[in-house]
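S.K.: Coordinates for the following, if possible.
(2 chains)
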Amino acid sequence: MKRTISQALLIGILLGTATACAPTLGQIYKPVDVIPKDKALVYIYRTSGMGAAVYYDVKANGRVVTTLYSGTYYPYITDPGEIEFSAKTEASDSATIDAKAGQTYYLKGTVGIGFIIGHPHLTVVPAEEAEKEIVECKLLLEPKERAKP
Amino acid sequence: MYEKWFRGCTILMLFLFACAGCSTVSVTPNLSILNKVSVLIKGPIQYVGKSEYLPRTISEGSISEYGLTFRFTTTEAQERSGWDVLALFNPLTLFGFPTGDLTSTVTGRLEILKETAIIKSYTATCVQKASKGIYYGENFSRLRRKGLLAVRDNIETQMSQDREFLEKAESKTFLQ
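M.R.: The predicted model follows:
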C-alpha cells in the first residue's frame, strides 16, 4: 500500500514538473503591427534544433524578459538605449543592442555544447536572416496571459 | 617508448589548443593609438549612443560662424560559427578544445560637415575573432565594447594626423 502511494506521488511530482516546464504557446509568428511611439522592438527567438530540452531566462539589463524555449519567440518592446541581453545555464552569454526608437532588432538564442547542460548563446542577427528563421517559431505568452483559462 | 609517445601527443595537443583557442583583433587602417588625446575641433554633434564611444578629438560646441557640424555613426555585425555536433563526439572538447568561434565587426564613421556638405570623413573598422570552449569564451557584449573603443581610438589618431586640415576647416576662407 505504502509502495503504491509513493509511486503515485512520484508520478504526480514528475507530471507536475513536466507541466510546469512546458511553456504555453500562442500562435505562430505574426509580426507586431505597430511599434509604440518612442519605443524599439526586439524579437527574441530560438529555432528548433540542438538542445531542445534546454531552456533559459533571457534578461534585459538584469531583468528577466522571458524564458526562451526551443521553437519560440517573444516580441520585447523597450525604451531606446543600450540594452545588454544575457542568459545563463551552467555558463552565461550576453549580447548588447543599442536600440533606437522605431527600429526592430532580432536576438537569436541557441544552445551550444556544455559540460553538464547546454550553454546559452545569444547573437544579434540581421533582419533578412532572422525573418526567414522566425516564421516557424511560436509566440511565448506573457505570464499573465498564460494564466488565463 | 610510451613516455616519448605520450610527450609527443601532449605537445601536439597543446599546440593545437594554442592555435585553435587564439583570439585576434585587427583594426583598419592600421595606426598606433595616441598616448594623449586632445580636442581638435568643436561644433554640434549628431550622435545617438554612449558618449564614451565618441572620438575625444571632437567636442560639443555651439555652431560656429563657419558652420561645422559632426555626424558620428557606428554599425556592428555579429557572426557565430560552431561545430557543436562534431564537438559532441570529440573527446578533446572535455580538455578545452574550442567548440566555436565568435566574429564581431564594428565600424565607426565620423563625418565633418560644413553646412550640408561633407568636407571630410574618417572611417575605422575593428574585426575581432574569439574562440569558445566549454570552460571559457568571450561574449558579444564584451567584443562590441572593445570594438567600439578601438574604432574610437583609431579615428582619434586619424584626426590627429589631419590636424592641419582641421585647422584650415575652421577658417573663414575654407571652401570659399
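S.K.: so where do the helices sit in chain B?
M.R.: Secondary structure of chain B (DSSP state H): helices at B:2-20, B:84-88, B:140-161, B:163-169.
S.K.: Pick out the shakiest of the ones you listed, pLDDT-wise.
M.R.: Among those, helix B:2-20 has the lowest mean pLDDT, at a mean of 59.
S.K.: Span of stretch A:33-42 from start to end?
M.R.: End-to-end distance of stretch A:33-42: 13 Å, with CA to CA, to the nearest Å as the criterion.
S.K.: Up against chain A, what does chain B have?
M.R.: Residues of chain B lying close to chain A by CB under 8 Å from any CB of the partner chain are B:48-50, B:74, B:76-80, B:82, B:84-85, B:87-88, B:93-94, B:99-100, B:132, B:134-135, B:137, B:139-142, B:144-145. The C-beta positions use only the backbone N, C-alpha and C, and glycine is treated the same way.
S.K.: Quick check: which ranges of chain A have low pLDDT?
M.R.: A:1-22, A:142-149 (pLDDT under 70).
S.K.: Output the set of residues of it in proximity to chain B.
M.R.: A:50, A:80, A:82, A:84, A:86, A:91-96, A:98, A:100, A:110, A:112-115, A:119, A:121-126.
S.K.: Apply 10 Å and report the result again.
M.R.: Contact residues (CB under 10 Å from any CB of the partner chain) of chain A with chain B: A:49-51, A:80-82, A:84-87, A:90-98, A:100-101, A:108, A:110-116, A:118-119, A:121-126.
S.K.: which among those end up buried?
M.R.: When the residues of chain A next to chain B are checked for burial by 16 or more other CB atoms under 10 Å in any protein chain shown, the buried set is A:51, A:84-87, A:91, A:93-98, A:108, A:110-114, A:118-119, A:121-125.
S.K.: returning to that earlier point: which of the residues of chain A next to chain B fall in strands?
M.R.: A:81-82, A:84-87, A:92-98, A:108, A:110-112, A:119, A:121-125 (DSSP state E).
S.K.: For the residue most central in space within chain A, name its beta-bridge partners.
M.R.: In chain A, the residue lying closest to the centroid (CA atoms, centre = their mean) is residue A:68, at 1.9 Å. According to DSSP bridges, the partner residues bridging residue A:68 are residue A:56.
S.K.: now do residue B:68
M.R.: Applying DSSP bridges, one finds that residue B:68 bridges with residue B:114.
S.K.: Please work out how many residues are found near it.
M.R.: 23 (other CB atoms under 10 Å in any protein chain shown).
S.K.: for residue B:170, same thing?
M.R.: 16.
S.K.: Over to residue B:81?
M.R.: Residue B:81 has 10 neighbours, counted by other CB under 10 Å.
S.K.: Now do the same contact list for the closest residue to it other than its chain neighbours.
M.R.: Leaving aside its chain neighbours, residue B:81 sits nearest to residue B:101 (4.9 Å; criterion: CB to CB, 6 or more residues apart in numbering or on different chains). Listed by CB atoms under 10 Å, 6 or more residues apart in numbering or on different chains, the contact partners of residue B:101 are B:20, B:23, B:79-83, B:129-132, B:137-138.
S.K.: among these, which are in strands?
M.R.: Those of these lying in strands (DSSP E): B:79-82, B:129-132.
S.K.: Return the member of the residues you listed nearest to chain A.
M.R.: residue B:80 (4.9 Å; CB to the nearest CB).
S.K.: so who does that closest one touch?
M.R.: Contacts of residue B:80 by CB under 10 Å, 6+ apart are A:93, A:95, A:108, A:110, A:112, A:121-123, A:125, B:100-104, B:132, B:140.
S.K.: Got the confidence number for the residue nearest to residue B:47 when sequence neighbours are not counted?
M.R.: Excluding the flanking residues, the one nearest residue B:47 by CB to CB, 6+ apart is residue B:72, at 4.3 Å. On pLDDT, residue B:72 comes in at 97.
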